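Participant: attaching a predicted model along with its sequence, questions to come.
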Number of protein chains: 2
Amino acid sequence: MTQLIADRRDIDFVLYEQLDTEALTRHKRFAGYNKKTFDMIITEARNFAIKELLPVNPEGDRIGVRLENGQVKVPECFHRPYKLFLEGEWTSLTEDPELGGQGLPVSIARAVAEYMVGANNSLVNYGLFGHGTGKMIELFGTEELKSLFLKKLYTAEWGGTMLLTEAEAGSDLNLLTSTAEKQPDGTYHLNGTKIFITNGDHDLAENIIHPVLARLEGAPKGTKGISIFIVPKIWVNPDGTLGERNGIACTGIEEKMGIHASSTCTLAMGGKTPCRGFLLGEENQGMKIMFHMMNEARLAVGFQGFAFASAAYLYALNYARERIQGYDIEAGKGSDPVTIIQHPDVRRMLLWMKAHVDGMRSFMYYAGECLENIGLAETDEKRAFYQGLADLFIPVVKAYSSDRGFEICAQAMQVYGGYGYSKEYPVEQYTRDAKIASIYEGTNGIQAMDLLGRKMTMNNGKAFMDFLGELKKTVAMAKEIDATKAMADEVEKAANKLGKSAMHLGSVAMAGGIKRAFAYATPFLEVMGDVIMAWMLLWRAAVASKKLAEGPKKDMDFYQGQLKTAEFFIYTILPGTFGKMDAINIANNAVNEITEAQFGG
Amino acid sequence: MTQLIADRRDIDFVLYEQLDTEALTRHKRFAGYNKKTFDMIITEARNFAIKELLPVNPEGDRIGVRLENGQVKVPECFHRPYKLFLEGEWTSLTEDPELGGQGLPVSIARAVAEYMVGANNSLVNYGLFGHGTGKMIELFGTEELKSLFLKKLYTAEWGGTMLLTEAEAGSDLNLLTSTAEKQPDGTYHLNGTKIFITNGDHDLAENIIHPVLARLEGAPKGTKGISIFIVPKIWVNPDGTLGERNGIACTGIEEKMGIHASSTCTLAMGGKTPCRGFLLGEENQGMKIMFHMMNEARLAVGFQGFAFASAAYLYALNYARERIQGYDIEAGKGSDPVTIIQHPDVRRMLLWMKAHVDGMRSFMYYAGECLENIGLAETDEKRAFYQGLADLFIPVVKAYSSDRGFEICAQAMQVYGGYGYSKEYPVEQYTRDAKIASIYEGTNGIQAMDLLGRKMTMNNGKAFMDFLGELKKTVAMAKEIDATKAMADEVEKAANKLGKSAMHLGSVAMAGGIKRAFAYATPFLEVMGDVIMAWMLLWRAAVASKKLAEGPKKDMDFYQGQLKTAEFFIYTILPGTFGKMDAINIANNAVNEITEAQFGG
């Protein structure tokens, strides 16, 4: 009965009852699949993740990576499961089978990823990073580059990375100083040092392909003058064979709070041995191309926060069902000790976790469906509609899920009490590992600015209006059902108030208060995330109510749990969100008015 | 200009402008001191902490403790600063000089502790734990026990601990199974295993004195049948000389998320060698006696959360003032890069941290003043008044400060961006170290139940009414000042609404909804903490306004900063608190209604 990492019943509910994933099989692209094969794939992923990936997760954390003679080595225990991960062809599930993928829908890939990422994120990331690099080459590369790299990257025979950050250019790529110089043979020589490069070096793949941002001589200042290059760790000859070791070397690895088994490298390019690369796309197009990968990466990072939270919730739930401590407060002192799940404060923690995990799961799959529909849309209008929603959701997925993910892991520690702080139990590692998600691929502050400054305003706010429109469809459905009508009213109020907050910040910014508005970028993202959670949970409750009305033979508990979870969120969490929206509508400007000196210190 | 660990100007403000610490010197007990000597002591503490304790904090974390042949060893680099810490006589500042203390007021001891704890909590705790053990012996011990142990514990020549927890008895001491058997010589033999014992063994002191909870044969069931024993690591002969190694041994140390330099031990009592102890107080009085120590420990743990937060805030602030990244959003793209403190979202993070750090500092010192006044009160009524406030505040100090402390440290990581996750910078260690504070000395859930179930109801709610009365004195003062009048109205509204929430939960509980009420124990503690923050910040702003009205020659920035900080909290954070109080007033019962099966998993 005890489940680990992800709740399979809940995944199935989202796939087949809340959303209609089965309908995808009617599309030509997915004609080779049916519900049964989808289910088999998810089951296989679960079994593999729990049997092979999860057991080495704590050891990976304990041992970490090490740099020896210029080569990064991952924990020895990673090699076997990594090989199995590649043999299982889990690395590019949604890609064209001809290019090394499996041609699966995004939603099924997400179900697989829940188990893989939740079981051992550091390990699977070594195998998943090639996809982002490959995607850029697929979209922007020459035929030569595609034939050299694409399949190797999608199958993870070679690894991929993302070389943006430099010591003085983190969130701000304007300050980037790495250079590239064109050579007579059409390749480029790169010089510079990149830091914080996830999977920048390791010994799981025979080659690693680095997309690198750098400046050509005479390029415009700022981000407009950045180009992107494909730099292999080992040079790849025109016939695909491996050539010489390229002049890119790991000069250090970062000691971090968590994700110890994930190598975070400093990479030096050039110097004694030239560092050779291919230009990808055209000169000075680096940022545009990199953003394709960045969007994928941001969705993946938000997903990490969610997957850790899901795993942490189930661990805490299982522990609370078994740990005996304290008496029932109604039965009083002297009564028999009970499992801690009997205590209201423990239930509050668990239900808070469950509400967010359930809500985030639905949101992850719903956002995935939007991505899928961009590709499946039959009209430009539809395509633009889904593209708009996806663009709007990306910063919320990234920031909200990583923030809540970290908080949920920390809350799981709290359920365990003293044991939660001990390395004997898995939740402290999840907490340390989860923290990175709010930082990398653009800090959550950057996401909030992206949401408020760019995504809210694109096409005169059309995507935001479309989002509210979709939400209101759920509200309308839930209003038709007795059990969810009152909750639907609350969610509608919340959505209307969110719209008002958005309008208010817009008018503040237009009246010259740009900084005043941006002081509320993060609070706005947070309340938008809360409203999305309320939406998703209401949707679940409405679907569950309908099922209950049919008098189901099984899963009564599951469906009733959906109603209680929505009720908890809407009446216990959402009132706080209303208050936070009040603060946005006040938009007090102390944050900007306080002078630097007045901060003290 | 750059300050570390704690803001000295702010400490002075709280001591001498918000509170009237100087007035204490008119009391006979503190007649040997004046403001100048207070200041010298704080300055010396700061210098010592920053010069000697802080530099070994990261190394302590990296190396951690190790168990070798049954003896726990602390990092080698701890020995010298620890010796200096003892030589400086920093261990029992508020105790009687005749017993090894310094006879200082609580508030000055807190100022010292800010620097010591913030610089290296693991190290100083080895020296501070003897105080709690000593206090119990002072209050409940025979003259023999006092003469044997008291001075050695207060001077930290010997260490102290607190042996409550067992594997099956964590939050619930009813389940405690360790036993004690009376011997013909009047001592006792103890048997059992204790876990999670902070400083349970180490090599910094020649002896360690353990207060141990255990059951005598035939004792009543539950906590009523628990007695407390004084168990030295090395037996102490009647003449005070050291005897044989006692039968208490460290059999394991815990690997933890943080506080790696603090030993967390499993201690086995009895077995081959008998474990001998002295009864403290009378039989079956263990819980009552231990609670004296527990209250001290809970205040200390809340203080840790605050001290880490203060240190993390200053690190983040200093970093934000130096780190150049991004452009001014009003000046637009292409303008010169700026320090990140110019960005609204970074300012929001910093001001959120500052508001809580400032508010918590005032709260810590105010609660300390209450404790001081219990001892100084000239009437029983006054004594009861301050005792009531102190009792009421203890769970809030413990839980609110540890929760916010952890969040502030994590927020500091966010200000650092990628560097925040790296061990190169101090904030990730503070975050890991801070997490324990929400767990040990009674999880924060236990604190919330203590607040709602016991502290709110004692003397028919008198302490809570007294607290609101004190708060309203500040409101009345602030209403007299133009700059703070509107803020005072908001704080008054918040206090009234908090009172209403308390009444509501009381009536829910009385109507048979005990579990329903306790589902809101933690939310209630949280909003009470928020209201206390608003009170403290309003108070600061009112004091600062008066100073500004006098046209001060210096510190204009400091005083104006007080106003901006209060404004931020009251208009940006407090609206969310109002919403959270709405949720309490709804008191939805989904938390208790959801069945165990409906949690899923």
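Facilitator: Happy to help now that I have it.
Participant: which residues of the stretch 101-250 of chain A fall in strands?
Facilitator: Using DSSP state E, counting those that start in this stretch, the strands of the stretch 101-250 of chain A run over residues A:158-160, A:179-182, A:188-198, A:207-216, A:226-232, A:234-236, A:242-245, A:248-253.
Participant: gap between the first one and the chain center?
Facilitator: Computed by C-alpha atoms, centre = their mean, to the nearest Å, the separation of strand A:158-160 from the middle of its chain amounts to 20 Å.
Participant: tell me which of the strands of the stretch 101-250 of chain A sits nearest to chain B.
Facilitator: With distances scored as C-beta to the nearest C-beta, the stretch of the strands of the stretch 101-250 of chain A nearest to chain B is strand A:188-198 (4.8 Å). Every residue, glycine included, has its C-beta placed from N, CA and C.
Participant: what packs against the closest one?
Facilitator: For strand A:188-198, the helices and strands in contact under the criterion 3 or more C-beta pairs under 8 Å, 6 or more residues apart in numbering or on different chains; DSSP states H and E are strand A:179-182, strand A:207-216, strand A:226-232, strand A:264-269, strand A:275-280.
Participant: adjacent strands (with direction) for the shortest one?
Facilitator: Take DSSP bridges as the rule and strand A:179-182 pairs in its sheet with strand A:188-198 (antiparallel), strand A:207-216 (parallel).
Participant: reformat the strands of the stretch 101-250 of chain A as a markdown table; add mean pLDDT and mean neighbour count.
Facilitator: Converted to a markdown table, those look like this (pLDDT from 0 to 100; neighbours: other C-beta atoms under 10 Å in any protein chain shown):
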| stretch | mean pLDDT | mean neighbour count |
| --- | --- | --- |
| strand A:158-160 | 98 | 26 |
| strand A:179-182 | 98 | 18 |
| strand A:188-198 | 98 | 22 |
| strand A:207-216 | 98 | 24 |
| strand A:226-232 | 98 | 26 |
| strand A:234-236 | 98 | 18 |
| strand A:242-245 | 97 | 12 |
| strand A:248-253 | 97 | 19 |
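Participant: show me the domain layout of chain A.
Facilitator: For chain A, automatic domain parsing gives the domain ranges A:8-154, A:160-285, A:286-446, A:456-601.
Participant: got the phi and psi for the residue in the stretch 101-250 of chain A that chain B sits nearest to?
Facilitator: Among the residues of the stretch 101-250 of chain A, A:Asp172 lies closest to chain B, at 4.3 Å counting by C-beta to the nearest C-beta. Backbone torsions for A:Asp172, taken as degrees, to the nearest 10, come to phi -110, psi 100.
Participant: any low-confidence regions in chain A?
Facilitator: Residues of chain A meeting the criterion pLDDT under 70: A:1.
Participant: and the residue positioned nearest the centre of chain A, how far is that from A:Gly247?
Facilitator: By C-alpha atoms, centre = their mean, the mean C-alpha position of chain A lies nearest to A:Gly302, the distance being 2.4 Å. Using C-beta to C-beta, to the nearest Å, we find A:Gly302 at a distance of 35 Å from A:Gly247.
Participant: and A:Lys547, by the same measure?
Facilitator: Per C-beta to C-beta, A:Lys547 is found 61 Å from A:Gly247.
Participant: more crowded one of those two?
Facilitator: Between A:Lys547 and A:Gly247, A:Gly247 has the larger neighbour count (other C-beta atoms under 10 Å in any protein chain shown), namely 20 against 17.
Participant: assess the claim that that one and A:Trp235 are in contact.
Facilitator: No. Under the criterion of C-beta atoms under 8 Å, A:Gly247 makes no contact with A:Trp235, lying 9.6 Å away.
Participant: helices along the stretch 401-550 of chain A, start to end?
Facilitator: Ranges of helices in the stretch 401-550 of chain A, per DSSP state H, counting those that start in this stretch, are A:418-421, A:427-435, A:444-450, A:462-479, A:482-510, A:514-518, A:521-549.
Participant: JSON lines for these, including distance to A:Arg62?
Facilitator: Output for the helices of the stretch 401-550 of chain A, formatted as JSON lines (distance: least, C-beta to C-beta, whole Å):
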{"stretch": "helix A:418-421", "distance to A:Arg62": "16"}
{"stretch": "helix A:427-435", "distance to A:Arg62": "9"}
{"stretch": "helix A:444-450", "distance to A:Arg62": "28"}
{"stretch": "helix A:462-479", "distance to A:Arg62": "43"}
{"stretch": "helix A:482-510", "distance to A:Arg62": "44"}
{"stretch": "helix A:514-518", "distance to A:Arg62": "42"}
{"stretch": "helix A:521-549", "distance to A:Arg62": "34"}
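Participant: could you single out the most deeply buried of the ones you listed?
Facilitator: helix A:427-435 (a mean of 27; mean count of other C-beta atoms under 10 Å in any protein chain shown).
Participant: show me what it is packed up against.
Facilitator: Packing partners of helix A:427-435 (3+ C-beta pairs under 8 Å, 6+ apart): helix A:57-63, helix A:286-322, helix A:380-416, helix A:418-421, helix B:427-435.
Participant: among these, which is nearest B:Tyr16?
Facilitator: Closest to B:Tyr16 of the helices and strands packed on helix A:427-435, according to C-beta to C-beta: helix B:427-435, at 28.1 Å.
Participant: nice, that's everything, thank you.
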